[in-house]
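S.K.: okay, sequence plus prediction incoming.
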There are 2 protein chains.
Amino acid sequence: MPNHKKISFAPSIRRLPSYLHIIRSAQARSEEYISGTVIANELNLEPIQVRKDLAITGIVGKPKKGYPVTELIASIEHYLGWDTNHRAIIVGAGNLGSALSGYQEFRNHGLNILAAFDTDPAKIGKTIHGVPIYSLDDLENESAALKPEIAIITVPSPFAQSTCDTIVASGIRAIWNFTNVKLRVPETVAVWREDLSSGYAGNIPCQSSLEK
Amino acid sequence: MPNHKKISFAPSIRRLPSYLHIIRSAQARSEEYISGTVIANELNLEPIQVRKDLAITGIVGKPKKGYPVTELIASIEHYLGWDTNHRAIIVGAGNLGSALSGYQEFRNHGLNILAAFDTDPAKIGKTIHGVPIYSLDDLENESAALKPEIAIITVPSPFAQSTCDTIVASGIRAIWNFTNVKLRVPETVAVWREDLSSGYAGNIPCQSSLEK
DNA sequence: TAGATTGTTAATCGATTAACAATC
DNA sequence: TAGATTGTTAATCGATTAACAATC
């Protein structure tokens, strides 16, 4: 993962993937340039916001024409770190863990899931969507071999912290946390949280008349 | 869903679920009051931010003691709309749809998944985690009977818009979109987007040394 | 009472939006 | 050239943080 020194720009970064989606469809239509205005219209945003957001990726546009599509895609993907592969494991092979194991989009973003871990003896040794399931007890051993950069936590909340500790002990420095627990980690470990249970309703609709 | 007229407060609202988690554990320890300072310390936030956030739920605290735990939980849950039940359907019974069907946390937040819809004949008529799977063609009919308020879209991206149109046609006004597509909907329909494929890496770590 | 904590009012900070010159 | 679009610089807006009086 690229580590954008000067943290922040978070809101801009969150918008980039949706731009990417539009730009890719322009590419599919073999268009050579796409303007910030076009992207903005598509997403009901202000053109100036799109231009400002794109600027952080380092892309340079052409007055009158817009941004070169191919270059722009590369620029955004690079900025998001989607152009490099990352080795990941899933810890917790329940419903959500299984779903994420088979989630094709991750691979498109360079996220390769190498293994899953669980405590359920009925699951250990099997595979889900081609991903082998190991015992959680073997996490440290397997990690030494697999060298994952990222661990995705999909265990039930009560086990989140202890699982996290195991992950940290195995040397992994990046965690994507799908539980509603705020994990305690050393300063050297980065945590993203994706709490589906609070995602809904906790959030304002991201589009709709309400949004102004 | 409660419709907070004056939109926004979005950042505050997003923090409320994590407060709730802490407050509930205080309740589990039979504590009568919890202070904003305690919550803030637990989450590495500023006390003033916690107080401001809690204030939007309408809770009133007691100087020196803090906020009454039971009342505070009720206040937050009410504000988030988690104290009322919502009827939901899942459209797309693939990996993710199945996972969400069995996701226990949703029920805790008042989200009841009544049915799933898919186009795969092999799935139609079966159940996932007790949720019956119907044909997507029957969505309009079944909706008339089930009267769902919310539709959760977990179909592959290329089918997202057409699925969305069917959902809107059936009269559903709230959509939780798990694809990376920006859906086109009438002004009367609210859409939340939860794009897992861009969630990671597109986001700054939500906790860690990087976060300051 | 003394002191911790709330809630209000003001100050700061950052992100969004506006204005506009530069450019192809 | 004329005009659409970029990118910069300034203005606005909203959220976070600070300061502090009120209170139990």
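M.R.: Cool, got the structure.
S.K.: list the contacts of A:Leu45.
M.R.: For A:Leu45, the contact set (C-beta atoms under 8 Å, 6 or more residues apart in numbering or on different chains) comprises A:15, A:39. C-beta: built from backbone N, CA, C; applies to glycine.
S.K.: tell me the SS of it?
M.R.: coil (DSSP: H, G, I helix; E, B strand; the rest coil).
S.K.: swap in A:Asn112?
M.R.: Assignment for A:Asn112 (three-state DSSP): strand.
S.K.: neighbours of it, how many?
M.R.: 16 (other C-beta atoms under 10 Å in any protein chain shown).
S.K.: any idea of the pLDDT on it?
M.R.: On pLDDT, A:Asn112 comes in at 94.
S.K.: correct me, but it touches A:Ile90?
M.R.: No - shown here, A:Asn112 and A:Ile90 do not form a contact pair, counting by C-beta atoms under 8 Å, at 11.3 Å.
S.K.: phi, psi for the residue of chain A positioned farthest from its centre please.
M.R.: What lies farthest from the middle of chain A is A:Lys64; by C-alpha atoms, centre = their mean that is 33.6 Å. Main-chain torsions, A:Lys64, degrees, to the nearest 10: phi 80, psi -40.
S.K.: against chain B, how distant is it?
M.R.: 26 Å (C-beta to the nearest C-beta, to the nearest Å).
S.K.: one more: A:Lys65?
M.R.: 24 Å.
S.K.: the nearest residue in space to that residue that is not next to it in sequence: neighbour count?
M.R.: Distance criterion C-beta to C-beta, 6 or more residues apart in numbering or on different chains; nearest residue to A:Lys65, sequence neighbours excluded, is A:Tyr33 at 4.4 Å. By other C-beta under 10 Å, the residues close to A:Tyr33 number 17.
S.K.: who in chain A is up against DNA strand C?
M.R.: Neighbours of DNA strand C within chain A, by C-beta under 7 Å from any atom of the strand: A:8-12, A:45-46, A:48-49, A:52, A:62-65.
S.K.: repeat the analysis, applying 10 Å as the threshold.
M.R.: Within chain A, the positions near DNA strand C by C-beta under 10 Å from any atom of the strand are A:6-15, A:40, A:45-53, A:56, A:60-65, A:212.
S.K.: in ChimeraX, select just the buried ones from these.
M.R.: Buried residues among these (16 or more other C-beta atoms under 10 Å in any protein chain shown), as a ChimeraX selection:
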select /A:12,13,14,15,40,45,49,50,51,53,61
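S.K.: that's a helix at A:Ser25, yeah?
M.R.: Yes - read with three-state DSSP, A:Ser25 is one of the residues of a helix.
S.K.: okay, and which of the residues of chain A next to DNA strand C map to helices?
M.R.: A:10-15, A:40, A:47-53 (DSSP state H).
S.K.: what's the farthest-apart pair in these?
M.R.: Of all pairs drawn from those, the greatest distance, 21.0 Å, lies between A:Ala10 and A:Pro47 (C-beta to C-beta).
S.K.: ok, back up a step: ok, which of the ones in helices among the residues of chain A next to DNA strand C also contact DNA strand D?
M.R.: Intersecting those with the surroundings of DNA strand D, defined as C-beta under 10 Å from any atom of the strand, gives A:11, A:40, A:47-48, A:50-52.
S.K.: so can I have a markdown table of those showing distance to B:Ile150 and pLDDT?
M.R.: Supplementary listing: those in a markdown table, determined by distance: C-beta to C-beta, whole Å; pLDDT from 0 to 100:
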| residue | distance to B:Ile150 | pLDDT |
| --- | --- | --- |
| A:Pro11 | 26 | 87 |
| A:Ala40 | 29 | 95 |
| A:Pro47 | 33 | 96 |
| A:Ile48 | 34 | 96 |
| A:Val50 | 30 | 97 |
| A:Arg51 | 35 | 97 |
| A:Lys52 | 34 | 96 |
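S.K.: which of those sits closest to DNA strand C?
M.R.: Lowest distance from DNA strand C to these (C-beta to the nearest atom of the strand) belongs to A:Pro11, with 3.2 Å.
S.K.: residues in contact with that closest one?
M.R.: No residues are in contact with A:Pro11 under the rule C-beta under 8 Å, 6+ apart.
S.K.: how far away is it from B:Pro11?
M.R.: 10 Å (C-beta to C-beta, to the nearest Å).
S.K.: equivalent analysis for A:Ser18, please.
M.R.: Remark: distance between A:Ser18 and B:Pro11 (C-beta to C-beta) = 19 Å.
S.K.: same question, A:Ala151
M.R.: A:Ala151 sits 27 Å away from B:Pro11, going by C-beta to C-beta.
S.K.: can you check A:Ala115 too?
M.R.: According to C-beta to C-beta, A:Ala115 stands 36 Å off from B:Pro11.
S.K.: so what's A:Leu183 up against?
M.R.: Going by C-beta under 8 Å, 6+ apart, A:Leu183 touches A:153, A:160-161, A:164, A:175, A:177, A:191, B:207.
S.K.: considering those, which possesses the most neighbours?
M.R.: Among those, the one with the most neighbours (other C-beta under 10 Å) is A:Ile153, at 27 neighbours.
S.K.: please tell me how far that residue sits from chain B.
M.R.: Distance, A:Ile153 to chain B, by C-beta to the nearest C-beta: 12 Å.
S.K.: go on, A:Ala115?
M.R.: Going from A:Ala115 to chain B by C-beta to the nearest C-beta gives 17 Å.
S.K.: might you report the residue contacts of that residue?
M.R.: With C-beta under 8 Å, 6+ apart, A:Ala115 has these contacts: A:89-90, A:131-134, A:142, A:146, A:148.
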